[in-house]
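> quick one, fold the following:
(2 chains)
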Amino acid sequence: MAEAASVAAECLAGCRARGARSVLGQVVVPGEELLLPEQEDAEGPGGAGERPLSLNAGARSRVRVICGPGLRRCGDRLLVTKCGRLRHKEPGGGGGGVYWVDSQQKRYVPVKGDHVIGIVTAKSGDIFKVDVGGSEPASLSYLSFEGATKRNRPNVQVGDLIYGQFVVANKDMEPEMVCIDSCGRANGMGVIGQDGLLFKVTLGLIRKLLAPDCEIIQEVGKLYPLEIVFGMNGRIWVKAKTIQQTLILANILEACEHMTSDQRKQIFSRLAES
Amino acid sequence: MEEEMHTDAKIRAETGTGSSPRGPGCSLRHFACEQNLLSRPDGSASFLQGDTSVLAGVYGPSEVKVSKEIFNKATLEVILRPKIGLPGVAEKSRERLIRNTCEAVVLGTLHPRTSITVVLQVVSDAGSGAQLLACCLNAACMALVDAGVPMRALFCGVTCALDSDGTLVLDPTSKQEKEARAVLTFALDNVERKLLMSSTKGLFSDAEIIRGQGAHD
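The predicted structure is shown next:
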């Protein structure tokens, strides 16, 4: 809160573009322009004054920087389009790494390669229409299941839950999803089984839960034996031995977004006792 | 980032306006904002400014009817509901002003053939139209930010009133508005403080409108 106020005050003081490195981990707002590191050095101390002439002034060695969610290229700077914290990941090989804005959202926008949980809403001819929470239903061909042929059709009804990934997802076309990977194997995708509970959470929570070494998942696993499926579109499917346990797990996962780790540990210890 | 943003700010109240915070200078009344308070919309915000309070909800980018879809950008809809009674012509006119401001700022080309809907509900109204418009603009901007709709800038709405002797009062009360010669409402963006929308009522000269815009900076 204090940071947001100070950012706003800085904005009021005249919006000069700031260097991306200096803003890492801080809150950025739409409209800010960020300078990439090599430009910072060029425009830094000295400014428009004494700069030594270089023979090949135009051909600077460009570092390739990947512009992630929440940022757009604007000339040779990055324009912030969403409110959130600026993050950076160092590159493995060459290149300048990835910059992105960590923001909170409830609405999902399909992205190619994302694994999502969808609900089958219609069957028309050879294609299923699957609701994934975006602006359009995605299409799923009946041949995109493991072992499916024209004679051997998969057993999918309207209302079934499907776990699949997007092969086509851009802003101009209807998204298409499949339930097999590039080798033709299911790899965990397909129709999700009977029973269980599907509920919706924010996209930020899903990313947190899917991060490697997430404490919450490890603690939940020790509590009850369970089956759980995470969709990047904010949907989680959970199944435990009894309905009561399933509901408890669903409530915990929904609430753990707003709890500190101490509160969470308290609740888990109380549940483990009872 | 689900936290409430309580911005309790008196902008430039200290610049020589003396002990009274509402002296004849450039200071705004107490305003407060809260985000993410409704569970159904994708983004929501409540903005309170003086005696006026507006609740905004944003749905989008979501499905759009084929008759309303635009092939290369998002269709933005604004719905404004007054505190009492059915929406009338004044609401329609304000909806159009807010929609034009939002369209200038939201990056609609990233979501073609979708719809982004902003629903505004007036919760408390001091009885002044210009104040309400500024409060609606602020609530709409905060709700769009909460929904994660990509924008090229933030915008804010401010009202100012011109007295009969030419003094400029920022964020007037309804009494000051009634006695004023002219009431001006502006929407400004946060990048270069440019003017996005202006709605004026009354008699004023060119110099005065420029002075009004300058006072908002």
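> tell me where chain B has strands.
Assigned by DSSP state E, chain B shows strands spanning B:31-35, B:43-49, B:52-62, B:75-81, B:115-124, B:155-162, B:168-170, B:182-189, B:195-202.
> enumerate every residue touching the residue in the stretch 51-200 of chain A positioned nearest to chain B.
Proximity of the stretch 51-200 of chain A to chain B (Cβ to the nearest Cβ) peaks at A:Gln105, 3.6 Å away. For every residue, glycine as well, the C-beta is placed using N, CA and C. Counting by Cβ atoms under 8 Å, 6 or more residues apart in numbering or on different chains, A:Gln105 touches A:202-204, B:42, B:147-148.
> buried sites along the helix or strand of chain B with the lowest mean pLDDT?
Sorting the helices and strands of chain B by mean pLDDT, DSSP states H and E puts helix B:206-215 at the bottom, at a mean of 75. Judged by neighbour count (16 or more other Cβ atoms under 10 Å in any protein chain shown), helix B:206-215 contains these buried residues: B:208-209, B:212-213, B:215.
> same check, this time on stretch A:267-274
A:267-268, A:271.
> same question, stretch B:172-180
By neighbour count on 16+ other Cβ under 10 Å, the buried set for stretch B:172-180 is B:172-174, B:177, B:180.
> same check, this time on stretch A:189-203
Quick answer for stretch A:189-203 (16+ other Cβ under 10 Å): A:189-192, A:196, A:201-203.
> with distance to chain A added, can I get the buried residues of helix B:206-215 in JSON lines?
JSON lines is the format used below for the buried residues of helix B:206-215 (distance: Cβ to the nearest Cβ, whole Å):
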{"residue": "B:Glu208", "distance to chain A": "23"}
{"residue": "B:Ile209", "distance to chain A": "22"}
{"residue": "B:Gly212", "distance to chain A": "18"}
{"residue": "B:Gln213", "distance to chain A": "15"}
{"residue": "B:Ala215", "distance to chain A": "14"}
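> got phi/psi on the closest residue to A:Arg85 other than its chain neighbours?
Leaving aside its chain neighbours, A:Arg85 sits nearest to A:Asp102 (4.7 Å; criterion: Cβ to Cβ, 6 or more residues apart in numbering or on different chains). Backbone torsions for A:Asp102, taken as degrees, to the nearest 10, come to phi -80, psi 100.
> rewinding a little: which of the buried residues of stretch A:267-274 sits closest to chain B?
Nearest to chain B among those, counting by Cβ to the nearest Cβ, is A:Ile267 at 18.9 Å.
> quick one, what contacts the closest one?
Listed by Cβ under 8 Å, 6+ apart, the contact set of A:Ile267 reads A:252, A:259.
> work out for me the element the closest residue to A:Asn170 other than its chain neighbours sits within.
Of all residues not flanking A:Asn170 in the chain, A:Lys112 sits nearest, at 7.3 Å (Cβ to Cβ, 6+ apart). Assessed by DSSP states H and E, A:Lys112 sits outside every helix and strand.
> how near is A:Lys112 to A:Gln165?
9 Å (Cβ to Cβ, to the nearest Å).
> neighbour count: these two, which is higher?
Neighbours per residue (other Cβ atoms under 10 Å in any protein chain shown) separate A:Lys112 from A:Gln165, with A:Gln165 holding more: 18 against 12.
> for the stretch 151-274 of chain A, what lies in contact range of chain B?
Counting by Cβ under 8 Å from any Cβ of the partner chain, the stretch 151-274 of chain A comes close to chain B at A:171-172, A:202, A:204, A:257-258.
> if we go to 10 Å?
Neighbours of chain B within the stretch 151-274 of chain A, by Cβ under 10 Å from any Cβ of the partner chain: A:171-174, A:202-205, A:257-258.
> adding distance to A:Val27, write the residues you listed out as TSV.
Shown next, in TSV, are those (distance: Cβ to Cβ, whole Å):
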residue	distance to A:Val27
A:Lys171	27
A:Asp172	32
A:Met173	34
A:Glu174	35
A:Thr202	18
A:Leu203	18
A:Gly204	14
A:Leu205	19
A:Glu257	19
A:His258	19
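> could you dump the residues you listed into CSV and include secondary structure and pLDDT?
Formatted as CSV, these follow (DSSP: H, G, I helix; E, B strand; the rest coil; pLDDT from 0 to 100):
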residue, secondary structure, pLDDT
A:Lys171, coil, 91
A:Asp172, coil, 92
A:Met173, coil, 93
A:Glu174, coil, 94
A:Thr202, coil, 94
A:Leu203, helix, 94
A:Gly204, helix, 91
A:Leu205, helix, 93
A:Glu257, coil, 86
A:His258, coil, 87
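> which of those sits closest to B:Val119?
Nearest to B:Val119 among these, counting by Cβ to Cβ, is A:Thr202 at 20.2 Å.
> quick check, pLDDT for B:Ala130.
Reported pLDDT at B:Ala130 in the predicted model: 83.
> quick check: it touching B:Leu170?
No: B:Ala130 lies out of contact with B:Leu170 (Cβ atoms under 10 Å); the separation is 11.9 Å.
> overlap of the contact sets of these two?
Common contacts of B:Ala130 and B:Leu170 (Cβ atoms under 10 Å, 6 or more residues apart in numbering or on different chains): B:158-161.
> between these, which sits nearest chain A?
B:Val158 (13.1 Å).
> ok, that closest one - how many residues close by?
So B:Val158, with other Cβ under 10 Å, has 22 neighbours.
> distance of it from B:Ile210?
Where B:Ile210 is concerned, B:Val158 sits at a distance of 15 Å (Cβ to Cβ).
> A:Tyr224 now?
Distance, A:Tyr224 to B:Ile210, by Cβ to Cβ: 68 Å.
> any idea which residue sits dead centre in the chain?
You didn't say which chain, so I picked chain A. Nearest to the mean C-alpha position of chain A, by Cα atoms, centre = their mean, lies A:Arg207 at 5.7 Å.
> ah, I was thinking of chain B
Nearest residue to the geometric centre of chain B (Cα atoms, centre = their mean): B:Leu137, 1.8 Å.
> who are the contact partners of that residue?
By Cβ under 10 Å, 6+ apart, the contact list for B:Leu137 reads B:47, B:54, B:56, B:94, B:97-98, B:101-102, B:120, B:155-158, B:185-188, B:196-197, B:199.
> low pLDDT regions in the stretch 1-150 of chain A?
Across the stretch 1-150 of chain A, the ranges flagged by pLDDT under 70 are A:1-16, A:38-62, A:94-95.
> my error: substitute chain B in the last question.
Chain B contains residues with pLDDT under 70 at B:1-26, B:216-217.
> recalculate using a threshold of 90.
Within chain B, the stretches with pLDDT under 90 are B:1-30, B:49-51, B:60, B:125-131, B:160-184, B:189-195, B:200-217.
> please report phi then psi for B:Ala180.
Backbone torsions for B:Ala180, taken as degrees, to the nearest 10, come to phi -80, psi 160.
> check contacts around it.
Applying Cβ under 10 Å, 6+ apart, one finds that B:Ala180 lies in contact with B:130, B:160-164, B:167-169, B:172, B:201-202, B:204.
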